[in-house]
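A.B. asks: here is my input, please return the structure:
(2 chains)
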Amino acid sequence: MTQISTDEVQHLAQLSSLQLGVDEVESLRIDLESIVGYIEQLSELDTTGVEPTYQVTDLQNVWRDDVVDDYGISKDELLALAPAAEAHQIKVPKVL
Amino acid sequence: MSVISDFIGHSARENVQAALLKARENEDFNAILAYSDERALERADKVDSGEITGRLAGVPFIAKDNFLTLGAPTTASSNFLKGFQAPLQATAIEKLEAEGAICIAKANLDAFAHGGSTENSAYGPTKNAFDKERVAGGSSGGSAVAVALGIVPFALGSDTGGSIRQPASFNNVVGIKPTYGTVSRYGVVAMASSTDTIGVLTSSVEDAETVMDILSGKDSKDMTTLADFFTPRSLDGPKKIGIIKEFMDDGVDPEVKAATERYVEALKQKGHIVEEVSMSLLKYALAIYYIVVPAEISSNLGRYDGIRYGNRAEASTLGEVYGLSRDRGFMPENKRRIMIGSYVLSSGYFDAYYLQAQKARTLLINEFTTLFETYDALIGPVAPTPAFKLGENTSDPVKMYLADIMTVPASLAGLPAISVPAGKSQAGLPIGVQLIGARKSDSLLMAIAKDVE
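C.D. replies: Below is the predicted model:
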C-alpha cells in the first residue's frame, strides 16, 4: 500500500494553498494514506484503449453572442463583498 | 409531513408564519442555519395582495445553504463564508419565486456539501428526524429533516454523489437527483462540476414532479443545462425493472434488503417485471468517484482565497493570506478532499489515478447503457444501512465514504436516480429504495414510484 510521508502532506498542502497547523499534519497523513489505499484498487482494472469521460451531457461547443452581460450585478456590489477595498480596487497585502 | 396542496389557497402570510414557527419549535434538530423572516413575509404580503401569482403562490420552502439567496446569509455551512450575504440568487430560487413560492430559511449541510452525514458542518450536525442520536444523512441533511418534520412541503438540495438521495432515505422523504443538466447550477456553491445536480426533497412524488417541472430547463448562465425535457407523466403499461445484484449482497443490512424486496414485491403486484441484473464495474464506482470528485473539488475550491469575498485571515504576505484563510475557512473533510484532488492531479500521478478513473468511468457508463437497452429502470437500496449513530463514522473517512457506495454510480454516469420511502426497520429507522433510469427518464422513474406509493 502506498505510504504518505509528512513531507508529502506538506507538499500537497502547498499545492493546495493550505497553511496547515502543526497538529493537523499527522491526522491528515493517516487519512490521506487510508483514502489513497482505497482508491488505488482502480489500478487492477484494464482500461487499455478506453476513451476517458470528462462530461456526461453530450453537449458540444455551447456558444452565445459575444455581448457583455453583467448578470444584473454592479461593480460596487461585488467590491462590497471583498474583505478590504479602496478606491474601487480590492486591497491585498504587499505582493512583492 | 405536509404537502404543497395544504398551502395553496390560504393566506401566504399565515403559511409563512406557521412554517417559521414550526421551524423554531424544532431547533433542537439543528436543521436550520438561518431564517429569512423579513423577505419571506414581504413576499407573502405580495402574494396575498395578488401582486405575485403562480403555481406555488404562498407555498413556503427551505433551501440548502449552498444556494445563494437574498434575505439570509449563504454559508455552505463553512467558516469561510460565515455571514456571507449573496448579491444574487440561484436560478433555482428565482424560478421558484417566479411561481410564488417563498423561501423561509436555509438548511444545514456538510460544509461545501462534502460528506454524507451533515456532521462536517461548521455549525454542528443535524439530527435525524426519527432518532436524535443518529445522523440526518447528508450532505442535504437539513433539507431532509425539515421536510420530514413537516416544517415545509419541499426543500431544495444538491446531489453530487448521493447528497439528496441518502438523507431522503434516512428521513422517510422523497429525494430527486435529476439527469445531469436538468436544473441550472447557477448560483449554487460548486463542488464537482461534472456530477453536481440540483434537486428536491418532498413528502410525495407528486409534489416532487411539480417542483421539478418548475426547476427544469435551459439557463444561459449554466452552459451545461439541457433543453427542458421534463413533463410529469403516468405509466403507459407494465415496466421491466432490473434489481441490482451487487446492491443486495451480504454486506448490506438485512432489514434494508428486506425492505427493498418488499418494494419489489409491490412492483410485481402492479404487473411490473423485475429481474436480477449484475454490474461488474459497480465495485469500482466508489474509487472512481473519490478520484474524479476530489480532483474537481480541488479546482473548484481554489476560488476561496480570502481576496474577493469570504473571510480573510490577517497576515503580512499574500501567500500567508491564502494559506491561513483556507486553513481556517475549511473543515477537515474539505482539506482531505482538496489534498486528494491535488494528489491525483499532480505530475507523476495523473495517469495512474485521474486518467485511469475517467477511463473506468466510461466503462461504468457503458455498462449502464447496455442495461437500459433491456430495462426501463434499475432498483436497489439507497444506502447499505439505515441512519448510523452520530460520531460512528467520523474517525474513519473511508468508512464514511462507503455510505455513498450505492449512490455514486448514477452520479458518475449523469443518470436520474430517485429515493423513495420503503418502510422502516424494527427500531423505527426509515429505509429508502432507489430507482435509477436512463438519461432524461426522470419522469418515468417518478411514474413508477407513484404506481406503488
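
A.B. asks: what sits against the residue nearest the centre of chain A?
C.D. replies: Nearest to the geometric centre of chain A sits A:Ser16, at 6.9 Å (CA atoms, centre = their mean). Listed by CB atoms under 8 Å, 6 or more residues apart in numbering or on different chains, the contact partners of A:Ser16 are B:Ser298, B:Arg326, B:Lys335, B:Ile338, B:Met339, B:Gly341, B:Ser342. Quick note: C-beta positions are derived from backbone N, CA and C, even for glycine.

A.B. asks: the fifth one and chain A: what is the separation?
C.D. replies: Yep, that's B:Met339 we're talking about. Distance of B:Met339 to chain A, computed by CB to the nearest CB, to the nearest Å: 4 Å.

A.B. asks: over to the first one?
C.D. replies: Computed with CB to the nearest CB, the distance linking B:Ser298 and chain A is 6 Å.

A.B. asks: in this structure that residue contacts B:Gly341, no?
C.D. replies: Yes - contact between B:Ser298 and B:Gly341 holds when scored by CB atoms under 8 Å: they sit 2.7 Å apart.

A.B. asks: okay, the two: which has more neighbours?
C.D. replies: B:Gly341 (28 against 22; other CB atoms under 10 Å in any protein chain shown).

A.B. asks: helix/strand/coil for the more buried one?
C.D. replies: helix (DSSP: H, G, I helix; E, B strand; the rest coil).

A.B. asks: surely it and B:Gly302 touch.
C.D. replies: No - here B:Gly341 does not reach B:Gly302: they are 9.7 Å apart, not a contact under CB under 8 Å.

A.B. asks: residue boundaries of the strands in the chain?
C.D. replies: Reading this off chain A. A:85-86, A:89-90 (DSSP state E).

A.B. asks: nope, chain B please
C.D. replies: Counting by DSSP E, chain B has strands at residues B:32-35, B:60-64, B:102-107, B:154-159, B:174-177, B:197-202, B:240-244, B:273-277, B:377-381, B:417-424, B:430-436.

A.B. asks: about what we covered before: export the contacts of A:Ser16 to CSV and tack on pLDDT and distance to B:Gln17?
C.D. replies: As requested, the contacts of A:Ser16 are exported to CSV (pLDDT from 0 to 100; distance: CB to CB, whole Å):
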residue, pLDDT, distance to B:Gln17
B:Ser298, 98, 44
B:Arg326, 98, 41
B:Lys335, 98, 41
B:Ile338, 98, 42
B:Met339, 98, 46
B:Gly341, 98, 44
B:Ser342, 97, 48
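
A.B. asks: next up, the contacts around the residue in the stretch 51-200 of chain B that chain A sits nearest to.
C.D. replies: Residue nearest to chain A within the stretch 51-200 of chain B (CB to the nearest CB): B:Pro87, separated by 4.5 Å. Shown in contact with B:Pro87 (CB under 8 Å, 6+ apart): A:Ile73, A:Glu77, A:Leu78, A:Ala80, A:Leu81.

A.B. asks: ok, it to B:Arg308 distance?
C.D. replies: As judged by CB to CB, to the nearest Å, B:Pro87 and B:Arg308 stand 12 Å apart.

A.B. asks: what of B:Thr210?
C.D. replies: For B:Thr210, the distance to B:Arg308 - CB to CB - is 37 Å.

A.B. asks: neighbour count winner among those two?
C.D. replies: Applying other CB under 10 Å to B:Thr210 and B:Arg308 shows that B:Thr210 carries more neighbours, namely 23 against 16.

A.B. asks: spit out the contact partners of B:Val293.
C.D. replies: Listed by CB under 8 Å, 6+ apart, the contact set of B:Val293 reads B:Thr160, B:Gly161, B:Met191, B:Ala192, B:Thr195, B:Arg337.

A.B. asks: grab the nearest non-local neighbour of B:Gln166.
C.D. replies: Residue nearest to B:Gln166 in three dimensions, not counting chain neighbours: B:Gly137, with 4.7 Å by CB to CB, 6 or more residues apart in numbering or on different chains.

A.B. asks: all helices of chain A, in order?
C.D. replies: Using DSSP state H, the helices of chain A run over residues A:6-15, A:22-39, A:75-79.

A.B. asks: by mean pLDDT, which helix or strand of chain B comes out lowest?
C.D. replies: helix B:397-401 (a mean of 93; mean pLDDT, DSSP states H and E).

A.B. asks: mind listing residues that contact it?
C.D. replies: Contacts for helix B:397-401 (CB under 8 Å, 6+ apart): A:31, A:34-35, A:37-38, B:115-117, B:286, B:290, B:333, B:336, B:393-394.

A.B. asks: contacting residues around B:Val277?
C.D. replies: With CB under 8 Å, 6+ apart, B:Val277 has these contacts: B:Gly242, B:Ile243, B:Ile244, B:Lys245, B:Leu371, B:Tyr375, B:Leu378.

A.B. asks: filter those down to the buried ones.
C.D. replies: B:Gly242, B:Ile243, B:Ile244, B:Leu371, B:Tyr375, B:Leu378 (16 or more other CB atoms under 10 Å in any protein chain shown).

A.B. asks: need the pLDDT of the fourth one.
C.D. replies: Meaning B:Leu371. The model reports B:Leu371 with a pLDDT of 98.
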